[in-house]
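Participant: mind folding the following:
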Amino acid sequence: MRYQTPISILLSFMIAAPAAIAQDYQTGMKELVILEKDGTRHLNGFLWYPTTEVENPVPAHGNVVWEPISVIPDAPLTTETHPLVLLSHGMFGNARNQAWLASALTKQGYIVAAIDHPGTSTFNRNADQRRSLWRRPQDISRTLDYLLDQPAFKSVIDPARIHMAGHSLGGFTAVALAGGRFDPDHFDGFCADNPADLVCTIFDRWNVAKSNTDRAAMQVDLRDDRIKSIAVFDLGGTQTFSPESLGQISTPMIVYGAPQDISGLDLDVESRALVTSLSQDIVQYHEPEGLAHFDFLGVCTAAALDILKEEEPDDIFVCEEGRQERRAAHQMIVENVAHFFEDQS
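Facilitator: Reported below is the predicted structural model:
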């Protein structure tokens, strides 16, 4: 069996279900467009939310490779207040990547928001915006500002229950929002000793923190204290943060490491190192046997592997064991994360 769940975790699920679980919620969806005043970094994405509407569900965020989720576009929001989860996608991903998580959480009473990060998204790989990685955490804070400023959304979001989840480069984004501070001297020294490290090579190729102006911008404290807890999914970028800043983080984190080596990330440098650096009373770590970096993407269709072999053979790995095995991984991740968020509320 590829994916195994510890018995202790299964028992905890049977003993207590998250208080956020509600009665027969469906997934409503609205598109998000967040304009930047006097700027060009406009944000596009989606808001998924619990609704009691049941009419006219449609498939969304699917194609020949990815299975869709079921949503009811522009369904009425409930009048109750709900916890909010903000999502940050990985390198060259997009707001749809964790729609599976959004779908599961909305049915448990969560509101979920995700945006495309300009420069590092599927749809925008502009080199200047890609280089400006300090803007990624700011994107999430801007999204939160926007939601809390809109009367229709503000009235149903509980400000005491705001959480976040980030995958890969989105995990880097999440750690920065928790108070991790980019340390260029520490990172330069690490890369001098480890020139083949994946994050070192990517940041070098992207010209991250090469100019004095950029180095200063990357070192700014990007913490957002409105975010009460964070889920980190197989992050890349732990080695960019000062160890001192990681040790001072007080935001509770549930961290997942993916031991099946597909992405090129080194767990000893990334997830394991992050967990070691954090205060042990705020962190929960999971490293499930067989979990792969791309298991945090959606479930692949039955035809996905054949299509990728024909059209994108270099990308086959994103759908290897990407159906029933991935469904099992998603189920455990959702249960763990929902319990963790609820425990921090």
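Participant: how far away is Leu101 from Ser277?
Facilitator: Leu101 sits 26 Å away from Ser277 when distances are taken as CB to CB, to the nearest Å. C-beta: built from backbone N, CA, C; applies to glycine.
Participant: more crowded one of those two?
Facilitator: For Leu101 and Ser277, the more surrounded residue by other CB atoms under 10 Å is Leu101, and the numbers stand at 27 against 19.
Participant: that's a helix at that one, yeah?
Facilitator: Yes: secondary structure assignment (DSSP: H, G, I helix; E, B strand; the rest coil) places Leu101 inside a helix.
Participant: so it sits against Leu87, correct?
Facilitator: Yes: here Leu101 reaches Leu87: they are 7.1 Å apart, a contact under CB atoms under 8 Å.
Participant: what do the two both touch?
Facilitator: 112, 165 (CB atoms under 8 Å, 6 or more residues apart in numbering).
Participant: my guess is Leu235 contacts Ala273. True?
Facilitator: No: taking contact to mean CB under 8 Å, the distance of 10.0 Å between Leu235 and Ala273 leaves them out of contact.
Participant: so between these two, which is more surrounded?
Facilitator: Legend: neighbour count by other CB under 10 Å for Leu235 and Ala273, higher for Leu235 (25 against 18).
Participant: check which helix or strand the more buried one maps to.
Facilitator: For Leu235, there is no host helix or strand (DSSP states H and E).
Participant: pull the contacting residues for it.
Facilitator: Shown here is Leu235, whose contacts under the criterion CB under 8 Å, 6+ apart are 166-172, 174-175, 255, 270-271, 274.
Participant: from Val54, how far out is it?
Facilitator: As it turns out, when the distance is counted by CB to CB, Leu235 lies 38 Å from Val54.
Participant: helices along the stretch 1-150 of the chain, start to end?
Facilitator: For the stretch 1-150 of the chain, the helices defined by DSSP state H, counting those that start in this stretch occupy 7-15, 99-106, 127-131, 135-149.
Participant: can you give me the strands for the chain?
Facilitator: 26-34, 43-51, 58-60, 69-73, 82-88, 111-115, 157-167, 229-233, 253-256, 283-286 (DSSP state E).
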